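Novice: sequence and predicted structure, then a few things I'm wondering about:
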Amino acid sequence: MQKQDKGFLDLIAAGNRIGAPEGDQLRCAGAPVPTAYRNELMRLVVVFVDSELAGAAGFCPFINRGPGLRERIVAAKIVTEKYVHAELALALLQPFGVNPLLYVRSHAWDSRLDRQIDLGTRRIGGDKRLNVFHYPLEGWEDAVVFNMLMGAATAIQLTEMAECSYIPLAETIAQILPRESEHARLGESGVAQAIERGGNKAAVQTAVNYWYPRVVATFGRVDSEHATTYTQFGLRRRSSTEMLSDWKSQSTATLKRLGLQAAN
């Protein structure tokens, strides 16, 4: 660790935070911020933006598969809000030279891999979406189960970012968090309605069995270097293990209310 980085970590540990860049320069308590912080900050925002864009694009086709108008309205609302969230987060990258218009055109956000592939926590090339957004949705019940489980994970992960050391990001995520938390609740309502309407819990449980381990993987590896750096830089407060534990507790309780079981 360079001396500059050690001094910066001491400033972060003391509770100092970083404001909007002056030009393209970040400062903490008047001192220049190490390049490593800027890199990790941009990576964190890019992963969020790419996941929102890919998530919205993947869910778009299912708006018209909703069994009723109310379900279609809710699905359209979720897609719209995810695009709004991506726009808000992309604005954070503009001071660092990112052109939002070019960025949105840079990848095929609706692209998906074969459903039987399991990436685990292994990263692949292309955009920086979380791996869970590389898998295709299959049917309405599958889509609402995904929204329920992944919505809860997103809310937990964003709660960390809402109190991070980079003030502009924290303020932006504070705007986004209530809507993302609502997406999880809407997902639970959708699953409950799907069970009541179809009367076939087995199909819904099959969707839970598919998505549960893939959502677990979004919390990353226990020994992830990025996760450790995020904590040191104040971009997150808690470890991946702690956040995953919260998600498992919440999801187990949600699934129990629905008469379903968490996958092993």
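Specialist: Thanks, I have it. Residues are numbered from 1 along each chain as shown.
Novice: list the contacts for the spatially most central residue of the chain?
Specialist: Residue closest to the mean C-alpha point of the chain, counted by C-alpha atoms, centre = their mean, is T154 at 4.3 Å. Contacts were defined as C-beta atoms under 8 Å, 6 or more residues apart in numbering; by that measure T154 touches E180, H183, A184. Quick note: C-beta positions are derived from backbone N, CA and C, even for glycine.
Novice: I'd like the distance between the second one and N131.
Specialist: From H183 across to N131, the span is 19 Å (C-beta to C-beta, to the nearest Å).
Novice: now the first one
Specialist: Using C-beta to C-beta, E180 is found at 19 Å from N131.
Novice: just want to know which of those two has more residues nearby.
Specialist: Here E180 and N131 are compared on neighbour count by other C-beta atoms under 10 Å; more neighbours surround E180, at 24 against 21.
Novice: and C28, what are its phi and psi?
Specialist: Backbone torsions for C28, taken as degrees, to the nearest 10, come to phi -130, psi 120.
Novice: pLDDT value on it, please?
Specialist: The predicted structure scores C28 at 94 on the pLDDT scale.
Novice: strands of the stretch 101-250 of the chain, start to end?
Specialist: Taking DSSP state E, counting those that start in this stretch, the stretch 101-250 of the chain contains no strands at all.
Novice: longest helix of the protein, counting residues only.
Specialist: Taking DSSP state H as the assignment, the helix of the chain that covers the most residues is helix 167-198.
Novice: burial of L69, as a residue count?
Specialist: The local packing of L69 (other C-beta under 10 Å) involves 8 other residues.
Novice: same thing with A202?
Specialist: Neighbours around A202, by other C-beta under 10 Å: 7.
Novice: from here on, call the first residue 53.
Specialist: Understood, numbering begins at 53; the last thing we discussed is A254.
Novice: that one and L189, how far apart?
Specialist: Counting by C-beta to C-beta, the gap from A254 to L189 is 19 Å.
Novice: hang on, isn't A106 packed against V184?
Specialist: No: checked against C-beta atoms under 8 Å, the pair A106 and V184 is beyond contact range at 9.4 Å.
Novice: which of the two has more residues huddled nearby?
Specialist: The neighbour comparison of A106 against V184 (other C-beta under 10 Å) goes to A106, with 26 against 21.
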